[in-house]
Structure formats: C-alpha cells, structure tokens
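**Student:** let me see the structure of the following:
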Amino acid sequence: MSTDSVVIVSAARTPIGSLNGALSTVPLHDLCSAVIKDVLKRAGVKPDEVSEVIMGHVLTAGHGQNPTRKASVGAGIPYPVPAWSCQMVCGSGLKAVCLGAQSILTGESTVVVAGGMESMSRAPHTVHMRAGVKMGDASLQDSMVADGLTDIFHCYHMGITAENVAKQWGVSREEQDRFAVKSQSRTEAAQKARYFDQEIVPIMVPSRKGPVEVKVDEFPRHGSNMDSMSKLKPCFVKDSSGTVTAGNASGINDGAAATVLMSQSEAARRGIKPMARIVSWAQAGLDPSIMGTGPIPAIRKAVEKAGWQLDQVDLFEINEAFAAQSVAVVKELGLNEEKVILNSITVFCMFWGFFLYVFCKKRPYELEIDFDSSLLCCDPSKKFLQWFQLMARKDILIIHGIGMLRYRYKHIIIQKTLKSKFTYFLKFLMVYCNCAIAAITVYHLSSG
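**Tutor:** Prediction:
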C-alpha cells in the first residue's frame, strides 16, 4: 500500500435538471461523457492516460449494459481502459471516489476518473411479465420509487424516515421550514453571484428548433420565504402531526459529475497543482428507520481517522435530503450553524448517484472588496457574509458528509494542499433525490 496521498486535480458537473425538465431527453451516458471529457481537459490528462473509470449509479434499469462503459468510450477513452459503476444507493458517487483512491493507493491505477450520474426522469415503469398474466390486469411499477425512494426494510417512503427523525430529535415544522428557506436563499444568492458557472459543463439538448444550451440549474425556487413555506401541506403523514413537505424536502433531478484522481507524486511529475488531497473517509450503519441521521456516526469516524476534533473543522456540508435530518445532525453534533452549508443548493437540488460542484472562487482581496452583500447574505444579520470574508483569510480544513440511503453513511475529509496566493473554493456536492444526499466540500484558502 502506497503512503503517497491521493489528490483531486479537476472536477466538474452538468447543470441540475428537474424531473422531466431540460435534461430529461438526454441519454444518461451522454451527460456523463460530457463531464468526463471536460474534467480530463481541465486536468490536462489525455484519454489514453486514464487507468480506470468508476461512476456511482443507482437507477440503472433501462440504461443498457454498463452505461459507465458507454460514457467512457463516448468520452474518447480507449476500449482497453476498464469502466464500471458501483451501487451503494445515496453513497454511490462518493463510494466511486473512495474506490478510485483505493485503486491508486494499491498501485492498481495511476489516473482514475470517478464520480456519478443519475437520470431520475428516465427511470422506467416496469411490469413483471416473464411468465405472462393468465387473467386480470397487470400493474406497472415505478422503478424510481421502488428502487430509489422506498426503504426496503420497512417498505415505506424515505419521507417517513424524515418524519421519524423529526419526532425522535424534536425538530419542529417551523425549524424545518426555516432551514429550508435558508438553504433556498443561499442557493439563490450563489446563482445570482454566478458562483456555479465555472463548475458547470453546458449541455446541448436537441429540440425541434435546433440545439438548446442548458447551463443553469433548474430546480431552485427563488424568492422562498417562511410565509409561502408554511402554507405547504405535509406530503407523507397527512394528519396534523406531519411536518415534511415538498418545500423542506429535496427534489427529483437529473445530472452527472466527475473528478480526476491521481497520486500527489504523479501530479507533481505532471506539473499539476492539486485542488485537494483526500485525508480520510468513513462509513457507519444505523437503524434504517432514521436513515437521515447517518452522518452523525460517519462524521465522527471520519474525523477520528483524520486525527482531528470536531471543533477543528471550519466548514461542514451536511446532507440535506430533508431539512428534518439536517437540523437533527446539527443538533446532535453540536455544530455552530454558521459553519454549516455555505452556498446551499441541496435541499432543493438532489438526485441519486453522485453530483459534484466545483466553485472556483474569487481571490481573497476580491472577496473583501467586490462582493455585494445583498447577493451573498440573505439573512438580515449579514453573518453569512462576515463569515465568508473571515474564511477568505484562513487556511481551512474541510469535512464534508455524504449521506447514504437507508442504513449506511459515508464521509470524506479533504485538506488544503496548494500554497498559492489565490483563493480556491472547491465544493464537491453530491446530491440525491428525496432521501439522503451527499457532499464533499473543499476550501482551498491561502493564508498569504
């Protein structure tokens, strides 16, 4: 086993498409191919220099044999290079990154493309007709719900697990709505400030009037407020005790993302400045009925493996499948809310598999001079802007949690590696639909 660190040298994503939205007609392997091409170009790596391609992918029905392989070849990677997908439900994308890192550490691979892809819009309805139907009707099954949104242990929707968490941790409807409004508002602020532009790979979508370029996330709802949020009815528990609504739960979306991984020495040999190095990762099991609280034990394990304490972490990106579980995790870990989720696009933009964001932020002096507080800070106290400016003057170690559906959660810790005069803000956000989501957040902030 090599002691050389594994580093991330590039990352990118497609826009997030809504259910039956702009990306719904695009084959999933095409979305993935576009991202793979882009991350290789960003890294300055030729397709024939790739050792392996690993993508997290959950809703595989109807996509044909090994869609990752098709995406890899479509990106120009030669046939001899192996490409495959892994399925660990909400943890699939991060598991792909961890598998890629392990492959490099064991000497099996030199350069790995790892990430995830999901098209919830293209998940088919299925029917069991292998033996035929002798009499009566045959019903269709929604594979998105059956394979992605239903807890196989209790046979109920993921939303019920969020209700369970809200009840057990005492998270009120008002707390959930307030958290959701903050998440939505920060997403709106980040979009208006165009923070996401550099991480997004535009997708050309065929239409009757010619190709249409899609380069903006569809799902965020601008102008969210407590008044409108409080008027929404509960989705899963219909009586007065229900607290989870369409407003404080995540959405159903389409997209793909990828990273390029290699050893630190390989990056040095190529003259590539790494974005970050992977420090540790961890996973933990728990009762499936409260699956959203998995980040609690997983974060603790990942921090312990890194040799850190929780109070040494400057930023947490906690999965936001539901506002209920996000609030519960923050409560249980005793986190400072000002350290949790900066440019949020999670409660409102989730899908299965794996999704990454890359924010190439402005330089430190620009952060303090040019940022418009009306865009950056949606809460009146302006603590958000003040916190962001403070972070621009520090070296930061970031942990990011990834939620995994039902009973396992994974977390990964990434540490600053660049010694540059510039500030790099890299955010890998793995997002999933109405259940546990995942994210890796990395800040590269120089002290000089």
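**Student:** so what's the gap between the longest helix seen in the chain and the chain middle?
**Tutor:** Scanning the chain for the helix with the most residues, using DSSP state H, yields helix 173-192. Put simply, helix 173-192 sits 17 Å off its chain's centre (Cα atoms, centre = their mean, to the nearest Å).
**Student:** past it, which element shows up next along the chain?
**Tutor:** With elements assigned by DSSP states H and E, the helix or strand that comes after helix 173-192 is strand 203-205.
**Student:** list the buried residues in the helix or strand just after that following strand.
**Tutor:** As assigned by DSSP H and E, the chain's next helix or strand after strand 203-205 is strand 212-214. Across strand 212-214, burial judged by 16 or more other Cβ atoms under 10 Å covers Val214. (Glycine included, C-beta is placed from N, CA and C.)
**Student:** so what secondary structure elements neighbour the following helix or strand past strand 212-214?
**Tutor:** Of the helices and strands lying after strand 212-214 in sequence (DSSP H and E), the nearest is helix 226-230. Secondary-structure packing of helix 226-230 (3 or more Cβ pairs under 8 Å, 6 or more residues apart in numbering; DSSP states H and E): helix 173-192.
**Student:** next, the buried residues of the helix it packs on.
**Tutor:** 173, 175-191.
**Student:** check the gap between Ser240 and Asn248 for me.
**Tutor:** Distance, Ser240 to Asn248, using Cβ to Cβ, to the nearest Å: 16 Å.
**Student:** who's more crowded, these two?
**Tutor:** Between Ser240 and Asn248, Asn248 has the larger neighbour count (other Cβ atoms under 10 Å), namely 32 against 7.
**Student:** for that one, what are its contacts?
**Tutor:** Gln176, Asp177, Phe179, Ala180, Met229, Phe322, Ala323, Ala324, Val347 (Cβ atoms under 8 Å, 6 or more residues apart in numbering).
**Student:** ok, of these, which one's closest to Ala101?
**Tutor:** Distance to Ala101 across these (Cβ to Cβ) is lowest for Val347, with 28.4 Å.
**Student:** quick check, pLDDT for that closest one.
**Tutor:** What the model reports for Val347 is a pLDDT of 47.
**Student:** hey, C-alpha coordinates of stretch 333-343 in CSV?
**Tutor:** The C-alpha coordinates for stretch 333-343 follow below in CSV (Å, rounded to 0.1, in the frame of the first residue of the first chain):
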residue,chain,number,x,y,z
LEU,A,333,-23.1,17.0,16.8
GLY,A,334,-23.5,20.4,18.5
LEU,A,335,-22.3,22.3,15.4
ASN,A,336,-22.2,26.0,15.0
GLU,A,337,-24.8,26.8,12.4
GLU,A,338,-22.5,29.4,10.9
LYS,A,339,-20.2,26.6,9.9
VAL,A,340,-22.8,24.6,8.2
ILE,A,341,-23.6,24.8,4.4
LEU,A,342,-22.4,28.0,2.8
ASN,A,343,-23.7,28.1,-0.8
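**Student:** distance from the chain centre to it, please.
**Tutor:** Stretch 333-343 sits 17 Å away from the centroid of its parent chain (Cα atoms, centre = their mean).
**Student:** what about it, average pLDDT?
**Tutor:** For stretch 333-343, the mean pLDDT works out to 80.
**Student:** need the contact list for the closest residue to Glu213 other than its chain neighbours.
**Tutor:** Nearest in space to Glu213, with sequence neighbours left out and distances taken as Cβ to Cβ, 6 or more residues apart in numbering, is Pro202 at 5.1 Å. With contact taken as Cβ under 8 Å, 6+ apart, Pro202 is in contact with Pro15, Glu213, Val214, Lys215.
**Student:** from Ala34, how far out is Pro202?
**Tutor:** 9 Å.
**Student:** Ala22 now?
**Tutor:** From Ala22 over to Ala34 the distance is 14 Å, taken as Cβ to Cβ.
**Student:** what of Asn253?
**Tutor:** Asn253 sits 16 Å away from Ala34, going by Cβ to Cβ.
**Student:** so for the two, which sits in the more crowded spot?
**Tutor:** A count of neighbours by other Cβ under 10 Å puts Asn253 above the other of Asn253 and Ala34, at 29 against 21.
**Student:** that one bridge partners, please.
**Tutor:** Beta-bridge partners of Asn253, counted by DSSP bridges, are Ser18.
**Student:** is it true that it touches Ala22?
**Tutor:** No - applying Cβ atoms under 8 Å, one finds Asn253 not in contact with Ala22, separated by 10.6 Å.
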